[in-house]
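Colleague: Okay, sequence plus prediction incoming.
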Amino acid sequence: MSKPPRAKYRTTNWSEYTAALKRRGSLMVWLDADLQWLAPASGRSGRPAVFSDAAIQFCLTLKCMFGLGQRQATGLAESLIKLAHLDWAVPDYSTLSRRQKTLSVAIATRRSSASLHLVREGSP
């Protein structure tokens, strides 16, 4: 039994094809300066949390999306915050390790040409 012939695809609109390839490799990270990066006072005894859940989720989302270790995710988060001209401190890897036990990172996937917002204000 012979194999069916392979389909031949011909690109007729090279400028559109090239633009689509460029969009596929594009990465844009938008950080809102009004995002609550530091944790609010909890009013409980003991050492207070320094970073909000949104800050921890941001770092852990980078870790999951790019398959990084915690120290590498911290470095990537630092560089992105620096590129955004924000003077935020970044959680260290031990803080990420400790807080990831109680915080679930859920990356919503959807097929769309619109932007994907990874962290929203007030996200758990």
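Modeller: Okay, I see it.
Colleague: any idea how far the least confident helix or strand in the chain by mean pLDDT is from the chain center?
Modeller: Every helix and strand in the chain was compared by mean pLDDT, DSSP states H and E; the lowest is helix 14-24, with a mean of 85. Centroid separation between helix 14-24 and its chain, computed with Cα atoms, centre = their mean, to the nearest Å, is 24 Å.
Colleague: Summarise which helices and strands whatever helix or strand comes next after it is packed against.
Modeller: As assigned by DSSP states H and E, the chain's next helix or strand after helix 14-24 is helix 53-66. Judged by 3 or more Cβ pairs under 8 Å, 6 or more residues apart in numbering; DSSP states H and E, the packing partners of helix 53-66 are helix 70-83, helix 93-99. Quick note: C-beta positions are derived from backbone N, CA and C, even for glycine.
Colleague: Mind putting the ones you listed into TSV with distance to Tyr9, mean neighbour count and mean pLDDT?
Modeller: Putting the helices and strands packed on helix 53-66 into TSV (distance: least, Cβ to Cβ, whole Å; neighbours: other Cβ atoms under 10 Å; pLDDT from 0 to 100) gives the following:
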stretch	distance to Tyr9	mean neighbour count	mean pLDDT
helix 70-83	36	16	93
helix 93-99	45	15	90
